[in-house]
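>>> need a structure here:
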Amino acid sequence: MTLGIKPAPVRRSLRIKAGQQKAFDVFTAGMGRWWPPSHSLLTAPRADVVMEPRAGGRWYERAVDGSECNWGRVVSWEPPGRVLLAWQLTGEWRFDPDFETALEILFLPEADGITRIELEHRDIEKFGEAEEAVRRSLDSDGGWTGVLRAFAELAEQAA
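Numbering: from 1, shown residues only. Okay, here's the model as predicted:
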């Protein structure tokens, strides 16, 4: 990274055949139904991914044995149009309460029951030496592209 130049955020956009409220609900309250099981930090099988519906709420995954792993927290809760999350996973994919990058998701209604989802994961420079590797991971098909594809499939089925 060049000093003084902040790297661009990882951005993804997609349109889904679901209304704004349904898209917001599936993304936030239904995350455990669509988040890829391979994207887990738990040692036991995952039971759910929970995003507490309020600013200051926890964002975490829970295993079938009751163990939990924090991912971050809810910074801003603005249904049905926006949620801002603090992503508190380091470049080593471990939770650190003193580390955070910003993850903003917008749910923008369009005509005919279509909602445009705009995702922006910013502050990538905070990953330090792991910045390039984390960016490649987040910017890949196994990152936000694939994660949003899984969300879109469920949201459209639920519409």
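>>> what is the subsequent helix or strand relative to the biggest strand by length in the chain?
Longest strand in the chain, counting residues (DSSP state E): strand 68-78. As assigned by DSSP states H and E, the chain's next helix or strand after strand 68-78 is strand 82-87.
>>> run a quick neighbour tally on residue 38.
Neighbour count for residue 38, taken as other C-beta atoms under 10 Å: 7. Any C-beta I mention is one placed from the backbone N, CA and C, and that applies to glycine too.
>>> what's the spacing between it and residue 24?
Distance from residue 38 to residue 24, counting by C-beta to C-beta, to the nearest Å: 25 Å.
>>> residue 134 too?
27 Å.
>>> give the full set of residues in contact with the most centrally placed residue in the chain.
With the centre of the chain defined as its mean C-alpha position, the nearest residue by C-alpha atoms, centre = their mean is residue 103, 6.5 Å away. Contact partners of residue 103, counting by C-beta atoms under 8 Å, 6 or more residues apart in numbering, are 72, 84, 85, 86, 87, 119, 120, 121, 122.
>>> what packs against the lengthiest helix in the chain?
Ranked by residue count, the top helix of the chain under DSSP state H comes out as helix 146-158. If contacts are counted by 3 or more C-beta pairs under 8 Å, 6 or more residues apart in numbering; DSSP states H and E, helix 146-158 sits against strand 10-16, helix 20-28, helix 31-34, strand 115-122.
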